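Novice: give me coordinates for this.
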Amino acid sequence: MEFGQSLTFINACFGIGLAVFTPLASYQEPPNEIETRLTASIETYDPHNRYAESNTEPTVVPAKPENDKSRSESKTIEPSTKVPASWNLLPLANSKSPTLIDKAYLDALTILKEDNACSRFYGGRVAIQALNELVHGLSPVYLDRSIAIRMKGTTSSVQDYVTGKSYRLFQKAEINLNGSFYQGNLFPYGGRISAVGQFQPNTREARVTILLHELGHLLRTEDKQWLLPDDGNDQQLSRKNTDRVISTCRDQIMRLSRLSFGQELVAARAESSPEEAPSGIRPALPNKEQ
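Specialist: Below is the predicted model:
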């Protein structure tokens, strides 16, 4: 091939090359799209004002800031501290024909399981366990007429691990068959039975007051004092303790007459824990009522 022809061929090839590669040379690869969106999301995030507005939808969503409304609302929700304590109903000696002590127990239970001034005085439903132990351990005896219930002997402390409350129990708890719980003043002659505060002996109001009085000797206050101080043979202090029970619980005691014992039993069975308290409580006691 002659030199002139070769030069012409080279120029033709060069022209073709320019026509083909010039558009390719003008093309530039765009930056990585994911990186662009991620950068946009970081730049538009304002930790002090939730999220700044952006026209670019971020692929990776940052964690919500602390002042986000949904988080602040969740922090204000606290578990309720008013969880009712579980309690058991003592099995009665004969539910079809309850004894006087069964009836007094149902009356005291009815008061304590509700939210009222008397129940709060005893610490609420947590006092029911102590009431159960008191009634469970009662033994019938004959004592001086001035005594209704006598607790004596060494004491033991019982801790309720569910509620954190504790109470004490006496070695012996005796209920006097010759006292104001069972005996009234039916006859003009003979020894007189003392009233229980403002209530006549051998009445519904007197019996529940007697149980609540003794229960007060088993429970402590928040400052670790006994709810009712030991009165022992101090009749004056004993009357003072009884008056305190009545002044606190008068309204609840007086309302008991509106309820039958059958109604109390049905309500107690419906509300008590499925697990019954230990059976084999005290022997059946006389059912003499004035």
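Novice: show me where this structure has its helices.
Specialist: Taking DSSP state H as the criterion, the chain carries its helices at 3-26, 33-44, 69-75, 100-112, 117-121, 127-136, 204-216, 235-255, 261-271.
Novice: where in the protein is pLDDT low?
Specialist: Applying pLDDT under 70 to the chain flags residues 1-85, 190, 274-290.
Novice: how is it partitioned into domains?
Specialist: The chain breaks down by automatic domain parsing into domains covering 36-78, 100-271.
Novice: adding distance to residue 89 and mean neighbour count, write those out as JSON lines.
Specialist: Just so you know, the C-beta spots here come from the backbone N, C-alpha and C atoms, and that holds for glycine as well. Converted to JSON lines, the domains of the chain look like this (distance: least, C-beta to C-beta, whole Å; neighbours: other C-beta atoms under 10 Å):
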{"stretch": "domain 36-78", "distance to residue 89": "32", "mean neighbour count": "11"}
{"stretch": "domain 100-271", "distance to residue 89": "5", "mean neighbour count": "17"}
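Novice: save those domains as a markdown table, and put in distance to residue 94 too.
Specialist: Formatted as a markdown table, the domains of the chain follow (distance: least, C-beta to C-beta, whole Å):
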| stretch | distance to residue 94 |
| --- | --- |
| domain 36-78 | 46 |
| domain 100-271 | 8 |
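Novice: the ones you listed: which one's closest to residue 88?
Specialist: When the domains of the chain are compared by C-beta to C-beta, domain 100-271 sits nearest residue 88, at 6.5 Å.
Novice: from residue 96, how far out is the residue nearest to residue 152 when sequence neighbours are not counted?
Specialist: Of all residues not flanking residue 152 in the chain, residue 172 sits nearest, at 5.3 Å (C-beta to C-beta, 6 or more residues apart in numbering). Separation of residue 172 from residue 96 (C-beta to C-beta, to the nearest Å): 30 Å.
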